[in-house]
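>>> Let me see the structure of the following:
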Amino acid sequence: DASSNAILKAENLMVRALKEEGRPLARVAEREVIADHDTKTLDVMMALSAGPVAPFGDTSVDGTEAVDAEFTAYMADIERGKTYSPEDIEDARERLLELGVFDSVTVKERDGLDPDGSIPVDIEVSERKFRYFGVGATVSSTDGAGIEGYWGHRNLFGRAEKLRLEGSISRIGETSDYKTLDYKAALLFEKPGLVGPASKFTYDIKVASEHPDAYDRFSFSTGAGLAYNLTKQQTLTGQLRVEYTDLTDVFFPLGKKYLLVSTPIEYVYDARDDKLNPKKGWRALAFAEPTYDIESGAAFVKFKGEASVYKSLNQSGRIVAAGRVAAGSIVGAGLSDIPADRRFYSGGGGSVRGFAYQGVGPRVPDPAKPGEFIPTGGRSFAEASAELRIQVTDSFGVVPFIDAGTVSEDVVPDFNDVRFGAGLGVRYLTPFGPLRVDAAVPLNRRPGDASFGIYAGIGQAF
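Below you'll find the predicted structure:
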C-alpha cells in the first residue's frame, strides 16, 4: 500500500509539472508495474500524454440561484486567452469560497479543447443560507463580562454584498452603574469586486459609549474604504473616516469635543498556514493613520508595526513555538492634544496578560478613588510575547506564555518602565478554531494592579 501511494504521488507530481507548463490535458496514458519479490523491488514504467499548451476559453457557471452567475464568473477571474494554469484554477475556487455565499465550489477544466484550441472551465457551486444571526459572550476577571448580538445578510443585492448589524454591552459585573457600562452598535456594508475581483469596498456607521479606566468616550463615526489583495499573502487597505467624539480624561476632566478626519492605511503580509491556529509561517502588519482635528486644528500621524512568527518543533505539529513583537509611535502633536482613545495603551488579553486593559503605562492617582490610578496613555509603545503551544490530545492543549510591554509619553519608547506577565493557558480545539482560556499573573506588579487575570476567547492570542 505504501508503494502504491508513492507511485500515485509520483504520477501526480509529473502530471502537475506538465500542467504548469500550460497543458490542461496532461495525463498518465499508460502504467506498468512489475514486482520482484526476491529483491523486494518494483519496476515502474509510466507513459505520459502531455497534450498541447492551451489558453483558457469560456467559463460556465452552474448551481447559482440567488447569486448572479455572471458575477460569479467575474469573481473567479479566469481570463480568456491566458495560458492555462492549474494555480489559476485553485485561486478561482478560493476566491469564490471567500465570498461567503457558497457552501461548496468546484472549478475544473473540461476533458477536451474547444474547436478554437482553448480549454473551457466549468464552475459548479452550491449556495448557502444568506441570512444569519447570533449571540456571543466574553468574560475577564479584570474587565468584566460582555454580551453581543448580530444579524447579517451575505447576498443583499445578488452579488455577494454583505450587510451586518451588531451591538454589544460589556463591563458587566465590573461596574454596578448601568450608565458606565460600555455600549457599541454598528452597521457594516461590504461589496466585493468593485474595481476588480481582488478588491472589496467597505462602508460603516459606528456608535460607541465607552468607560475604560483612562477616559469616558461617546463617539459617532462613519467611513468608506477599499481593500485590495495584491497577492494571496498581501493585502492593502485604505479608508476615509469622519468621527465626532466627546471625551473626558485626566487632561480634560470637564470633557472635550473633537471632529476628526483621518485616512488609515494598512498593509498586511500573511504567510501563516492557518489564520485561527497557525503552526508555521509568519505575519507582518504596517499601519499609518494621518488625523486632523477640525475643532482644534491639531494634526498627528499614528504609526504601528506588528510581526508574529510560528514554528512547529516536531513533525506532527503538536508543539509550536510562537512569538510576537509590536511597536508604535504618534508624531505631530503633544500628548494632551491627541484624543485619549487614539493614544497607545497596553495590558489585557491581547497584549500583556496579567495586567488589566490599559493597565501598563503612565498613570496618575485617581482623586476620587484613593489607592487607584488613571492611565494617561502614551505616544509610543512596545510589546513582545512568547508562547509554547502544546497539543496534548486531538482536542486539548496547554500554552505556557510570557508577555512584556511598555508605554511612553515620548514619541519613542524609553523602556524605563517595562511590565511583564506570565501564565498558563488551555486550548480546546474545535472545527471553527481553538477556544482559549488564559490565566496570568503580573511579574512586577505595581500598587493598584490586579494580582492576576483570566481571559477567554476564540482563536489563539495572536
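>>> Model confidence for T142, exactly?
Per-residue pLDDT puts T142 at 62.
>>> and the longest helix seen in the chain, what other elements does it pack with?
The longest helix of the chain (DSSP state H) is helix 2-19. The contact analysis (3 or more Cβ pairs under 8 Å, 6 or more residues apart in numbering; DSSP states H and E) places helix 2-19 against strand 27-36, strand 41-49. To be clear about C-beta, it is placed using only N, CA and C from the backbone, and glycine gets the same treatment.
>>> Relative to A185, which of these is closest?
strand 27-36 (56.5 Å; Cβ to Cβ).
>>> What's the mean pLDDT across that closest one?
Mean predicted lDDT for strand 27-36 stands at 79.
>>> Dump the helices and strands packed on helix 2-19 into TSV; add mean neighbour count and distance to V437 as well.
Formatted as TSV, the helices and strands packed on helix 2-19 follow (neighbours: other Cβ atoms under 10 Å; distance: least, Cβ to Cβ, whole Å):
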stretch	mean neighbour count	distance to V437
strand 27-36	11	51
strand 41-49	12	51
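>>> can you put those in CSV and add distance to A440?
Converted to CSV, the helices and strands packed on helix 2-19 look like this (distance: least, Cβ to Cβ, whole Å):
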stretch, distance to A440
strand 27-36, 56
strand 41-49, 56
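>>> between these, which gets nearest to Q391?
Nearest of those to Q391, taken as Cβ to Cβ: strand 41-49 at 36.4 Å.
>>> Partner strands of that closest one, with direction?
strand 27-36 (antiparallel) (DSSP bridges).
>>> I would like the residues contacting the strand it pairs with, please.
7, 11, 14-15, 41-49, 51 (Cβ atoms under 8 Å, 6 or more residues apart in numbering).
>>> hmm, 10 Å instead?
3-4, 7-8, 11-12, 14-15, 18-19, 41-51, 111 (Cβ atoms under 10 Å, 6 or more residues apart in numbering).
>>> do the same with stretch 231-238
87, 90-91, 94-95, 198, 200, 202, 224-230, 263-272, 281, 283-287.
>>> Strands - which of those residues land there?
200, 202, 224-229, 265-270, 281, 283-287 (DSSP state E).
>>> and these, which are buried?
Among these, those classed as buried by 16 or more other Cβ atoms under 10 Å are 200, 202, 225-227, 229, 266-268, 270, 281, 283-285, 287.
>>> Tally up the residues packed near A384, please.
Residues lying near A384 (other Cβ atoms under 10 Å) number 18.
>>> Also T175?
14.
>>> With A10 instead?
12.
>>> Can you tell me how far R131 is from L254?
46 Å (Cβ to Cβ, to the nearest Å).
>>> the more surrounded of those two?
R131 (10 against 5).
>>> Look up the closest residue to that one, ignoring the ones flanking it.
Take R131 and drop its neighbours on the chain: the residue closest to it by Cβ to Cβ, 6 or more residues apart in numbering is H153, 5.5 Å away.
>>> Kindly report the same for I402.
A422 (4.4 Å).
>>> OK, contacts around E94?
105, 107, 232.
>>> Apply 7 Å and report the result again.
Neighbour list for E94: empty [criterion: Cβ atoms under 7 Å, 6 or more residues apart in numbering].
>>> One more: K200?
Contact analysis of K200 by Cβ under 7 Å, 6+ apart lists 190, 192, 227.
>>> next SSE after the helix or strand hosting I330?
Assigned by DSSP states H and E, I330 belongs to strand 319-331. Note on strand 319-331: by DSSP H and E, the next helix or strand toward the C-terminus is strand 363-365.
>>> Can you list the strands that whichever helix or strand comes after that following strand pairs with?
Remark: after strand 363-365, the chain's next helix or strand is strand 373-375, criterion DSSP H and E. With DSSP bridges as the test, strand 373-375 is paired with strand 363-365 (antiparallel).
>>> Need the mean per-residue confidence for the partner strand.
Strand 363-365 shows a mean pLDDT of 92 in the predicted model.
>>> Work out the gap between it and the centre of the chain.
Distance, stretch centre to chain centre, for strand 363-365: 34 Å (Cα atoms, centre = their mean, to the nearest Å).
>>> What ranges does the stretch 1-150 of the chain have for its helices?
2-19, 69-76, 86-98 (DSSP state H, counting those that start in this stretch).
>>> Now do the contacts for the residue nearest to E90 when sequence neighbours are not counted.
Counting by Cβ to Cβ, 6+ apart, V107 is the residue found nearest to E90 once chain neighbours are left out, at 7.8 Å. By Cβ under 7 Å, 6+ apart, the contact list for V107 reads 76, 89, 92-93, 121, 123.
>>> What is the most widely separated pair among the residues you listed?
Maximum pairwise distance in the contacts of V107, criterion Cβ to Cβ, is 10.8 Å, between R93 and V121.
>>> which of the two has more neighbours?
Per other Cβ under 10 Å, whichever of R93 and V121 has more neighbours is V121, with 24 against 18.
>>> tell me the pLDDT at the more buried one?
97.
>>> Pull the number of nearby residues for E127.
With other Cβ under 10 Å as criterion, E127 counts 16.
>>> circling back: export the strand holding I330 as CSV, just CAs?
This file holds the C-alpha atoms of strand 319-331, laid out as CSV (Å, rounded to 0.1, in the frame of the first residue of the first chain):
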residue,chain,number,x,y,z
ILE,A,319,4.4,21.5,19.7
VAL,A,320,4.5,25.0,18.2
ALA,A,321,6.7,28.0,19.3
ALA,A,322,5.0,31.3,18.6
GLY,A,323,6.4,34.9,19.1
ARG,A,324,5.0,38.4,18.6
VAL,A,325,6.5,41.9,18.7
ALA,A,326,4.7,45.2,18.2
ALA,A,327,5.6,48.9,18.4
GLY,A,328,4.1,52.2,17.6
SER,A,329,4.5,56.0,17.7
ILE,A,330,2.4,59.1,17.3
VAL,A,331,4.1,62.2,15.9
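>>> Please consider this matter closed, and thank you.
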